[in-house]
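J.: one predicted model, sequence on top.
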Amino acid sequence: MRECSHAGRFGGLRAVNAGAIGATYRKPMTRIRFHGELNDLVPRRARNRPCEFRSAENATLKHAIEAFGVPHTEVGTVLVHGAPAPLDRRVEPGDTIDVHPAPAVEPADGPPESAEAPLEPAGARAQPAERPAFLADAHLGGLARRLRLLGFDTLLADDAPDEMLAERVDGDGRVLLSRDRELLKHRKVLRGRYVRAQRTDEQAKEVIRHFGLAPLARPFSRCLECNAPLRSATRQEVLERLPPDVAATHDAFTFCTGCGRVYWPGSHWRRLQAVVRALISEAPR
Ligand SMILES: [Zn+2]
């Protein structure tokens, strides 16, 4: 098996050339190996192979793992010498560390909500036991709209400093979605996901798959613009906001309880139905 021969400098860690260990250091090196999708995140030289490094004094497993570019939100089980260990455990010379990814959430039983019945009042539907809520960072606006389209409570962060975002996500239990690893490394971020995909629909499929969201989707129950819940409305209630041709040809409307936007099943809506179908039917279950 090939080993990582030189991992460079990572923050508080100093990786060294494995061939020079005996000549340079008396203490044994620490060995770390990343598993599964965590290999997407580590430097190429540490992928799919053990990597030896010399850790800083008092470094914890969290420090060591994050120094390789893996935010703690991505980590599932950590084994030290084969036994599970918490992230605040100190790293000792000679440790053998195996880092496994946070497992994907198993989807709940039951079929996804149909994209064909979008105008039923949201309150009339069964409420799944646990529906995650999200905070998407400011660069993931397209992803936030996709999750809202599927009915998931998704706030879009402004460009607030990391500290403020971390406080916010810590305070209300949301899952932070980001492509900013430094933000996800923040201690206060307990639940998060480093979004690997770069294109919006691929990002949405990745998040749906990872959090088992397909059976929990309630398409067209939340405003795409402001995230507030939608409710059904009569023509009379929304008449003054409708273009005349829409008022003459449609009977069913939904109304945003936040920003007042009115939705009706026109051509744009039908395009969104196709998006919904693609997102929830293609996600592996
Ligand atoms: Zn709205």
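T.: Everything's here; your move.
J.: now do the contacts for residue 94.
T.: 27, 28, 29, 30 (Cβ atoms under 8 Å, 6 or more residues apart in numbering). In short, each C-beta sits where N, CA and C put it, glycine included.
J.: look at the first one and report its pLDDT.
T.: Yep, that's residue 27 we're talking about. With respect to pLDDT, residue 27 scores 79.
J.: coming back round to it: who wins on neighbours among the contacts of residue 94?
T.: residue 30 (22 neighbours; other Cβ atoms under 10 Å).
J.: once you drop chain neighbours, what's closest to that residue?
T.: residue 95 (4.8 Å; Cβ to Cβ, 6 or more residues apart in numbering).
J.: the residue lying closest to residue 35 once chain neighbours are set aside in helix, strand or coil?
T.: Nearest non-adjacent residue to residue 35, counting by Cβ to Cβ, 6+ apart: residue 100, 4.8 Å away. Secondary structure state of residue 100, per DSSP: H, G, I helix; E, B strand; the rest coil, is strand.
J.: can we start the residue count at 28 from this point?
T.: Got it, first residue is 28 now, which makes that one residue 127.
J.: within range of the ion, give me the residues from the chain.
T.: Residues of the chain lying near the ion by Cβ under 5 Å from the ion: 250, 252, 253, 255, 283, 285, 286, 288.
J.: let's see it at 8 Å
T.: Proximity of the chain to the ion, by Cβ under 8 Å from the ion, involves residues 250-255, 257, 283-288.
J.: coming back round to it: how near is the residue nearest to residue 62 to the ion?
T.: 40 Å (Cβ to the ion, to the nearest Å).
J.: try residue 297
T.: Residue 297 is 20 Å from the ion, by Cβ to the ion.
J.: cool, and residue 243?
T.: Per Cβ to the ion, residue 243 is found 21 Å from the ion.
J.: now stretch 121-128: buried residues?
T.: Of the residues in stretch 121-128, 122, 124, 125, 126, 127, 128 count as buried by neighbour count, 16 or more other Cβ atoms under 10 Å.
J.: of those, closest to the ion?
T.: residue 128 (35.7 Å; Cβ to the ion).
J.: buried subset of the residues of the chain next to the ion?
T.: 250, 251, 254, 255, 257, 283, 288.
J.: helix/strand/coil for the second one?
T.: Here residue 251 is coil, with the state taken from three-state DSSP.
J.: if I pick it, what's in contact with it?
T.: Here residue 251 is in contact with 172, 175, 176 (criterion: Cβ under 8 Å, 6+ apart).
J.: now it: how far from residue 188?
T.: Distance of residue 251 to residue 188, given as Cβ to Cβ, to the nearest Å: 27 Å.
J.: ok, the spatially most central residue of the chain to the ion distance?
T.: By Cα atoms, centre = their mean, the chain has its centre lying nearest to residue 220, at 3.1 Å. As judged by Cβ to the ion, residue 220 and the ion stand 25 Å apart.
J.: so the nearest residue to that residue once chain neighbours are set aside is in which element?
T.: Distance criterion Cβ to Cβ, 6+ apart; nearest residue to residue 220, sequence neighbours excluded, is residue 204 at 5.5 Å. Using DSSP states H and E, residue 204 sits within strand 202-205.
J.: next SSE after that strand?
T.: That would be, after strand 202-205 and using DSSP H and E, helix 208-211.
J.: can you spell out the domain ranges of this structure, please?
T.: 36-128, 149-309 (automatic domain parsing).
J.: for residue 135, which of those is the nearest?
T.: domain 149-309 (4.9 Å; Cβ to Cβ).
J.: average model confidence for that closest one?
T.: Mean predicted lDDT for domain 149-309 stands at 88.
J.: roughly how far is it from the heart of the chain?
T.: Counting by Cα atoms, centre = their mean, to the nearest Å, domain 149-309 is centred 13 Å from the centre of its parent chain.
J.: all strands for the stretch 78-227 of the chain, in order.
T.: 78-80, 102-107, 110-111, 123-128, 161-163, 181-183, 202-205, 219-221 (DSSP state E, counting those that start in this stretch).
J.: got the contact list for residue 177?
T.: 231, 235, 240, 244, 245, 246, 303, 306, 307.
J.: give me that answer again for 10 Å
T.: Applying Cβ atoms under 10 Å, 6 or more residues apart in numbering to residue 177 gives the contacts 139-140, 142, 231, 234-235, 240-241, 243-249, 302-303, 306-307.
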